[in-house]
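A.B. asks: A predicted structure for the sequence below; I have some questions about it.
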Amino acid sequence: MKSAQSIQDLNKEELHQLLQIYAKNWLAHDGCWFLSIEEKHGMQEAIDIDRESWRKFTIVEAKRLIDFLELGENSGIAGLAKSLKFRLYSTINEDKIEIPDDNTLLYYVKTCRVQSARRKKGLDDFPCDSVGIVEYSLFAETIDSRIQTKCISCPPNINNDDYYCIWKFSLKD
């Protein structure tokens, strides 16, 4: 049994472990919620509700990261790259960021706990492109209102088997 009596008693390594537990718990709750809607109302209704939930949550998450990371307003591709590394997903999914030029960021999701969990349960991939475009577009636009988002590859249209999804972010002039 750990000797810590509260979060304040944890060391850096223990806090990192706890962060991963919290992120997994958050994602597990999101998955349970989604599966409950899917079972009762079908996949399309679950996707519609999920998309609206992400429409609200992703802006809250981005604003909190802007404040925490002290990004300021319209922090560009650099601000987006930094904030993506601090999302809850970042502790539990393997991802990669490429910045081919000052106005472009490519974001690759190598491991996806959502899709992995569905596959383990024998379920089809969650067709997350319509939810993802809302989530990533609004997240990026909250970080910098000049950023446009494009889905390159995402279920149900995966065109690169090395990644669950690929997103392109472009800074408008």
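C.D. replies: Happy to help now that I have it. Numbers count the residues shown, from 1 in each chain.
A.B. asks: Beyond the helix or strand of the chain with the lowest mean pLDDT, next helix or strand please.
C.D. replies: Lowest by mean pLDDT, DSSP states H and E among the helices and strands of the chain is helix 113-120, with a mean of 83. Next helix or strand after helix 113-120 toward the C-terminus (DSSP states H and E): helix 129-143.
A.B. asks: Could you give me the buried positions within that following helix?
C.D. replies: In terms of neighbour count (16 or more other C-beta atoms under 10 Å), helix 129-143 has its buried residues at 129, 131-143. Every C-beta, even on glycine, is put in place using the N, C-alpha and C of the backbone.
A.B. asks: Which secondary structure element is home to residue 99?
C.D. replies: For residue 99, the host element (DSSP H and E) is strand 95-101.
A.B. asks: now that strand: how far from the chain's centre is it?
C.D. replies: Taking C-alpha atoms, centre = their mean, to the nearest Å, one finds strand 95-101 lying 16 Å from the centre of the chain it belongs to.
A.B. asks: for stretch 92-106, same thing?
C.D. replies: Chain-centre distance of stretch 92-106: 13 Å, with C-alpha atoms, centre = their mean.
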